[in-house]
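In: Everything below, folded, please.
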Amino acid sequence: MRRVPRQVVTTGRKWEAIVGYARAVRVGPTIEICGCAPTATDGSTVGGADVYQQTRQCLRVIGEALAGVGAGFDDVTRTRIFTTVPRRWREIGKAHGEVFGAIKPVTSLVGVRGLIDPKWLVEIEASAYRLD
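Out: Now for the predicted structure:
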């Protein structure tokens with residue numbers, strides 16, 4: 001039985017080391033991107049209280065992770081959006097639609113009580129599939 005190589009991408013953000021996880025893992029054509037928060041590389045929150053800008057930053061982080069495993073947004077099959085402000089779904093949806101409007105992955109938007117950092121209003125996970 002041939003073992004499929006496992007490709008792991010990390011970004012160096014503090015939570016990866018503390019919790020012990022990767023930003024992205026690719027095994028064959030299957031790609032999983034962990035929950036991406038609206039953080040800059042130094043760990044600061046991007047977007048302040050603007051959930052649209054926070055969502056855009058989450059999507060930038062996802063894009064970086066996808067690139068790290070040789071994939072792109074066109075390969076995304078599913079996103080999962082977690083937010084502490086579900087009534088502001090239109091702002092979140094606008095940012096998501098700017099990236100995925102033509103691609104149309106399946107998605108869920110889930111209201112949650114809180115995220116690890118109380119400044120975060122949104123966090124997004126993604127799954128992708130790419131045959132090379």
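
In: Check the offset of the worst-scoring helix or strand of the chain on mean pLDDT from the chain's centre.
Out: Every helix and strand in the chain was compared by mean pLDDT, DSSP states H and E; the lowest is helix 14-19, with a mean of 88. Helix 14-19 sits 16 Å away from the centroid of its parent chain (CA atoms, centre = their mean, to the nearest Å).

In: Now do the buried residues in the helix or strand following it.
Out: Per DSSP states H and E, the first helix or strand lying C-terminal to helix 14-19 is strand 24-27. Applying a neighbour-count criterion of 16 or more other CB atoms under 10 Å, the buried positions in strand 24-27 are 24-26. No exception for glycine: its C-beta is placed from N, CA and C like everyone else's.

In: contacts for strand 24-27?
Out: By CB atoms under 8 Å, 6 or more residues apart in numbering, the surrounding residues in contact with strand 24-27 are 4-9, 31-34, 65-66, 68-71.

In: how close does the closest residue to K119 other than its chain neighbours get to V25?
Out: Closest residue to K119 apart from its sequence neighbours, by CB to CB, 6 or more residues apart in numbering: T45 at 4.4 Å. Distance, T45 to V25, by CB to CB, to the nearest Å: 25 Å.

In: Let me see the ranges of the strands in the protein.
Out: Listed in chain order, the strands of the chain (DSSP state E) span 6-9, 24-27, 30-36, 76-83, 106-111, 122-129.
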